Each structure stands twice: as structure tokens, then as C-alpha cells.
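>>> Pasting a predicted model and its sequence here:
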Amino acid sequence: MKVSPWEVEGLVDYNRLIKDFGIQKFDKIPEELKKNKFFRRHIIFGHRDYDKILEAMRLKKDWAVMSGFMPSGSPHFGHKMTMEEIIWHQNAGGQTFVCIADIEAYAVRGLSFSKTKRIGLEYIKSLIALGLKDDAYIYYQSACEDVKNLAIKLSCEVNWSELKSIYGFNPETTLAKMFVSVIQAADILQPQLKKFGGPKPTVIPVGADQDPHIRLTRDIAARSSIFSFEKIENGVRVRSRKGKHYLDYLESKLEFDFRRYEEHIDIFGSQDEIEKTVRNIEIEVGGPAFILPSATYHRFIIGLTGGKMSSSKPETVISLLDDPTDAEKKVMKAITGGRGSAEEQRKLGGIPDKCSIFELYKIHLLDDDHALKEIEQDCRQGKLLCGYCKKMASELVKDFLKEHQAKISDAERMLKDYTIVMNTI
Ligand code: SF4
């Protein structure tokens, strides 16, 4: 198994990802998340620090959602899942950021900025067609001075050994690819800049392959912030990563009960209030006071030919821009979990867990859990045969694409209502 932001090979073992990289499982889905089929159906299989987001949602505090798309090919059903996750979080109250990762496409895929500008717009229009509201902040990396400036600062916190161990970079890896890793960290931390209201919990909905970016960013966020926090009985222990003089300054500003030690200060009171106050003091002295970003991880969709959906292999994906009739044909040719013959299938039943068509129903085509359950049961019991099942799915795909593409035309007219920081190269 190889899982990196630029390459996924072999059968992905999600339990191993959870174990090896410390991704947390959603063992019990909180009630408010069950409204979202991705959580409810465990398509989002894990998270980091999502509790912070839930708490902010429940207490109506500030929080943000950000994710991005590398404009290297047409948006497809795999991207649709991330788009819907962003929109769901926007509707749940998150300040919303969408990145078009054109620097990444330039550095990693060698695409020109004029090409990525055009492809990026296709992603933006699809997001709008799917329901992204106009208070989202949409930007191209190459046009976003805040991201580029932040990346320069963050790059001081990263060295070669760390990049090698997280991404498996080798002596042939270009400097551009390394720098893109820091650009992505800046994308993730941008919502916490003063300009956007300062530090806040931020969730990044991504596929499991993007976890290296999340791990790196969390490390950088911790290292670049001045103060660190540790929960103690009745309060919080605060240390300074950047020298004792910051503890002296903090001590002079505190209005809580506290006890000063050589290397830390124990502050007593509400954890929330203490952290908020200390973060404000850090910002006063020029620190970023980042809150470690959270993430949700969705699993990969089985592509129409059996492997992972990939823009570079059009036969594996349904593009959101595909002609509906062509998409219908792709669905009819897709790999299923069916048996060698109708007779065998009636006798043994199909295997929906290995079926790209069932995957389409589960992730995209059916919101109704009962209807999905019925297909699953009928498939397993051999009551449903693949030809008919594919025909039903292909009709749904065709209808969705017709409607979506009509909405894309409307989105084109709505672009002017959105903040889009777009490259001019
Ligand atoms: Fe897949 Fe449907 Fe065939 Fe079952 S009957 S294996 S769900 S295509």
C-alpha cells in the first residue's frame, strides 16, 4: 500500500492508516452528524480533533472549514464528495475557504497557470452548482498573497528530514514540490489569520491520501506558535516555545490566579477562557497563536474500472462535465460485484462491497437509507441482477448530470457575486 497526496497504490488498508498515523475513528456518530450521509454511512471513516469543531458548532463559536482542489483535470464524482462536505460544513455555520491549488498543479503536474485558471473555474462553478453560498472565500494559490507570505514564514519551521519522513521525498524531489507542502500548510492555516478573525478551530475535509499535509501542518502550527497548553487540574499549564521572556510578559498581563515556575505558568480557571486570553496575548506580541487544525478523512471511491477514481484515467471516473449519455455508457460498462452468470448470481447473490455501482448509490445517488438497504439486500440475496441495477444507476447519473450542468450555466452568471482571488498570470 502506498498512500501519498500525489500517489495511491495498492489496496488501501484504512485500519492501518488509523493505527500508523494516529487518525481517530468515529466509533459513535454524534446525532447532529447523522444528518450527513457521509458520516452516517462511515464514508468519512476517521478524523483528527473533530471534537473541537463539534464543540464550536454546539456553542456557536467561530470555526472554519477549508479544503482545496488541484486543477489538473475535470472535476469528477470523487471531487463532488469533498465539495459536498465543504458545503455541508458551510451550512452548519463554518466560515468557508476554498483553494484552487494551481501552484501545486504547476509544480507537481507541470500545468501552465493559464490552463489551471480555466480548469479551476470548472471546480468553482460546480461548487456553486452544488450549493456553495457566496460568503465563501475562494482563491487561487498563485494569486493569494496571504497564503504565499504565510508559507514563507512557515517554511522557517520545516527541514528536509521532516519532509523526507512525512512524504518520502528523495534526492530527486524538486524544491518546488517541497515548497508546495508548505504552501498547503499555509492554505490550511490561512483561516486563522487576523484578517479572517484570528485563531479558530478549522476543519479540513479530505481524502485519506491528504493526511501527510494535515500532519505536517499540525506540527508546523504547534512549532510556530509561542505558547503551548497542557490541561491540568483546575486549569492549564502554559509553556513558551520561543523563550522565557514571553512567559514574563504573559505573567505581567494575567488576571487569573496563577503560579509561576521557571519553565511554565500554571493558570487556574476555565480552560477555554485561559486559552483564549493567552492566545490574545500571543497575538499582541506578534505570534500566530494557531489552534491545531482538525480534519475529516473520507475513503476512496471505487472507480468504474475497479481501482481508485482518477482524473488522469477518464474511464475510471464520471466527470461532472461528462455528456450525460457518455456517462450512462460508462456506468453500463462498469465493474460490479456480480457473479459470472445470472444463474450463479441468483444462487450466490452479488457482493455490493466490491461493486463500483453500489458505491455510486451509496455515496452519490441515494440519500434514502431504506432504498439503499433494499438494493444491498436484494443484491446479496440474488434477487437483483447487475444489468438492471446498472440501468437504474445510469438513469440516476444521467438525470443528475443534466440537472447539474444546467446549474453550472446558472453558476457562470453567479460568479460575480463571489469573492474569487484569481490569478492574473
Ligand atoms: Fe452491484 Fe447491483 Fe450487481 Fe449488486 S446487483 S453487484 S449492487 S451492480
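That came through, no problem.

>>> Could you measure from F268 over to the ligand?
With the distance defined as C-beta to the nearest ligand atom, to the nearest Å, F268 ends up 58 Å from the ligand. For the C-beta atoms, the positions are set from N, CA and C on the backbone; glycine is no exception.

>>> burial of that residue, as a residue count?
Using other C-beta atoms under 10 Å, F268 has 14 other residues around it.

>>> for it, what are its contacts?
Contacts for F268 were tallied using C-beta atoms under 8 Å, 6 or more residues apart in numbering; they are N234, G235, F256, D257, F258, R259.

>>> do that again at 10 Å, thanks
Residues in contact with F268 (C-beta atoms under 10 Å, 6 or more residues apart in numbering) are I232, E233, N234, G235, V236, F256, D257, F258, R259, I274.

>>> likewise I53?
Applying C-beta under 10 Å, 6+ apart, the residues near I53 are 47, 63-65, 89, 92-94, 201-203, 294-296.

>>> What is the nearest of those residues to D266?
Nearest to D266 among the contacts of I53 is P201, at 24.4 Å by C-beta to C-beta.

>>> Run a quick neighbour tally on the closest one.
So P201, with other C-beta under 10 Å, has 25 neighbours.

>>> Among the contacts of F268, which are located in helices?
Residues of the contacts of F268 located in helices (DSSP state H): I274.

>>> can you list the contacts of F268 in JSON lines and add neighbour count, distance to the ligand and pLDDT?
Shown next, in JSON lines, are those (neighbours: other C-beta atoms under 10 Å; distance: C-beta to the nearest ligand atom, whole Å; pLDDT from 0 to 100):
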{"residue": "I232", "neighbour count": "14", "distance to the ligand": "53", "pLDDT": "97"}
{"residue": "E233", "neighbour count": "6", "distance to the ligand": "54", "pLDDT": "94"}
{"residue": "N234", "neighbour count": "12", "distance to the ligand": "56", "pLDDT": "95"}
{"residue": "G235", "neighbour count": "20", "distance to the ligand": "55", "pLDDT": "97"}
{"residue": "V236", "neighbour count": "26", "distance to the ligand": "52", "pLDDT": "98"}
{"residue": "F256", "neighbour count": "16", "distance to the ligand": "59", "pLDDT": "95"}
{"residue": "D257", "neighbour count": "11", "distance to the ligand": "62", "pLDDT": "96"}
{"residue": "F258", "neighbour count": "18", "distance to the ligand": "61", "pLDDT": "97"}
{"residue": "R259", "neighbour count": "11", "distance to the ligand": "63", "pLDDT": "97"}
{"residue": "I274", "neighbour count": "21", "distance to the ligand": "53", "pLDDT": "97"}
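
>>> Of the contacts of I53, which count as buried by neighbour count?
For the contacts of I53, a burial check counting by 16 or more other C-beta atoms under 10 Å picks out 47, 63-65, 89, 92-94, 201-203, 294-296.

>>> and which of these is nearest the ligand?
Set against the ligand, the nearest of these by C-beta to the nearest ligand atom is T296 (26.3 Å).

>>> thought the closest one was touching K25?
No: T296 lies out of contact with K25 (C-beta atoms under 10 Å); the separation is 11.8 Å.

>>> What residue, apart from its backbone neighbours, is nearest S310 spatially?
The spatially closest residue to S310, leaving aside those adjacent along the chain, is T316, at 5.5 Å (C-beta to C-beta, 6 or more residues apart in numbering).

>>> I'd say that neighbour and G306 touch.
Yes: counting by C-beta under 10 Å, a contact exists between T316 and G306, whose distance comes to 8.3 Å.

>>> Mutual contacts of the two, please.
For the pair T316 and G306, residues contacting each of them under the criterion C-beta under 10 Å, 6+ apart are A334, I335, S356.

>>> which among those gets closest to M70?
Taking the shared contacts of T316 and G306 together and measuring to M70 by C-beta to C-beta, the closest member is S356, at 23.2 Å.

>>> how far away is the residue of the stretch 1-150 of the chain found nearest the ligand from K313?
Nearest to the ligand, among the residues of the stretch 1-150 of the chain, is R41, at 14.8 Å (C-beta to the nearest ligand atom). With the distance defined as C-beta to C-beta, to the nearest Å, R41 ends up 26 Å from K313.

>>> So which residues on the stretch 151-300 of the chain come close to the ligand?
Within the stretch 151-300 of the chain, no position lies close to the ligand (C-beta under 6 Å from any ligand atom).

>>> Now do the helices in the stretch 151-300 of the chain.
Taking DSSP state H, counting those that start in this stretch as the criterion, the stretch 151-300 of the chain contains helices spanning 160-167, 175-189, 211-224, 244-253, 271-284.
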